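>>> got a predicted structure plus its sequence, pasted below:
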Amino acid sequence: MNIIVCVKRIPKTAEADIFIEKDGKDIKKDNLVFSLNDWDGYAVREAVLLRDKYEGEVTVITIGPEESKEVLTRCLAMGADRALRIDEPPLKDARLIAAILSQAIKDQSFNLILTGVQAEDDGWGQVGVSLAQILGLPHASIVTHIEIENEKAKVRRELEGGIEELLEVKLPAVLTIQTGINEPKYVSLAAILEAEDKETKEVGMEEIGFSSNEPLDATIDQVSFPPTGKMAEILKGTPEEVVGQLTEIIKKKKG
């Protein structure tokens, strides 16, 4: 069971002060903390569990700058066997990232390709399914459980309203992994230091035979903060008084 996991290094913005670059096309990232994308962490953990159960090896791949090696090191500390970093293109969208990954993956021996459902920074949720389409492989998205049997992956995938769908997907296949599929494993400092001694292969797009002239499906014109609305109004009083106040507000809004 050879498994490839596509991962991403993302900036943590939940508790940080965010500023927009002068050109308006991205946020300033100089003072932000970066880490492994949460969904990708679950994908790596699931790949290692499947590898341990069915034997084989786990390869993690990322597209990004030199600093992206830190997330690959973490993946190796989590139990991955090999790591590959591909130079980041100057401009990128989900389709382009999937095209670069497909070029790096297509000649490798694998049974499964795992990605996170989405990335925390852009939230596109497109790379995994685009990768499956480019490689011509069956896929399932938002997967919460995987079992391998008779060259097929039996998976559960999350639907709306808490409903799950059961599927059988013929291998090789691409699966996008939802958080909660497994229990994350604590990665010790000793494991990270040991992983730093493992080799991480680094290649440019030309080395994998990819042309940088690939057309983009989408570009970012401008990013902006959500418009600031009015403060919430707190209604006080007895339940009857609050209902009366709320009724008056609704009447005025409709008027």
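Cool, the structure landed. Residues are numbered from 1 along each chain as shown.

>>> now for residue 104: which residues touch it?
By C-beta atoms under 8 Å, 6 or more residues apart in numbering, the contact set of residue 104 is 61, 84, 86, 203, 208, 210. C-betas here are computed from N, CA, C, even on glycine.

>>> which helices and strands does the longest strand along the chain pack with?
Scanning the chain for the longest strand, with DSSP state E as the assignment, gives strand 139-149. Here strand 139-149 touches helix 38-54, helix 127-135, strand 152-158, strand 164-170, strand 173-177, going by 3 or more C-beta pairs under 8 Å, 6 or more residues apart in numbering; DSSP states H and E.

>>> the fourth one vs strand 173-177, what angle?
Same thing as strand 164-170. If you take axes from the mean of the first three to the mean of the last three C-alpha atoms, to 10 degrees, strand 164-170 sits at 150 degrees to strand 173-177.

>>> now for strand 164-170, which elements pack on it?
strand 139-149, strand 152-158.

>>> could you dump the ones you listed to JSON lines with mean pLDDT?
Below are the helices and strands packed on strand 164-170 laid out as JSON lines (pLDDT from 0 to 100):
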{"stretch": "strand 139-149", "mean pLDDT": "95"}
{"stretch": "strand 152-158", "mean pLDDT": "94"}
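
>>> what's the closest of those strands to residue 12?
Set against residue 12 and scored by C-beta to C-beta, the helices and strands packed on strand 164-170 come closest in strand 139-149, at 23.0 Å.

>>> contacts for that closest one?
Contact partners of strand 139-149, identified using C-beta under 8 Å, 6+ apart, comprise 1, 46, 50, 53-54, 111, 117, 125, 128-129, 132-133, 153-159, 164, 167, 169, 171, 173-178, 180-181.

>>> same check, this time on stretch 72-85
5, 7, 36, 41, 44-45, 47-48, 51-52, 57-64, 68-69, 104, 185, 187-188, 191-192, 194-196, 198-203.

>>> report how many residues lie close to the residue nearest to residue 173 when sequence neighbours are not counted.
In space, and not counting its chain neighbours, residue 173 is closest to residue 138: 4.7 Å by C-beta to C-beta, 6 or more residues apart in numbering. By other C-beta atoms under 10 Å, the residues close to residue 138 number 16.

>>> returning to what we had before: which of the contacts of strand 139-149 are buried?
With neighbours counted by 16 or more other C-beta atoms under 10 Å, the contacts of strand 139-149 contain buried members at 1, 46, 50, 111, 117, 125, 128-129, 132, 153, 155-158, 167, 169, 173-178, 181.

>>> what's the local residue count around residue 237?
Neighbourhood size, residue 237 [other C-beta under 10 Å]: 10.

>>> looking at the helices and strands packed on strand 139-149, which is closest to residue 23?
Of all these, the one in closest proximity to residue 23, counting by C-beta to C-beta, is helix 127-135 (24.5 Å).

>>> just to revisit the earlier point, could I get the helices and strands packed on strand 139-149 as JSON lines with distance to residue 74?
Below are those laid out as JSON lines (distance: least, C-beta to C-beta, whole Å):
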{"stretch": "helix 38-54", "distance to residue 74": "8"}
{"stretch": "helix 127-135", "distance to residue 74": "19"}
{"stretch": "strand 152-158", "distance to residue 74": "26"}
{"stretch": "strand 164-170", "distance to residue 74": "28"}
{"stretch": "strand 173-177", "distance to residue 74": "16"}
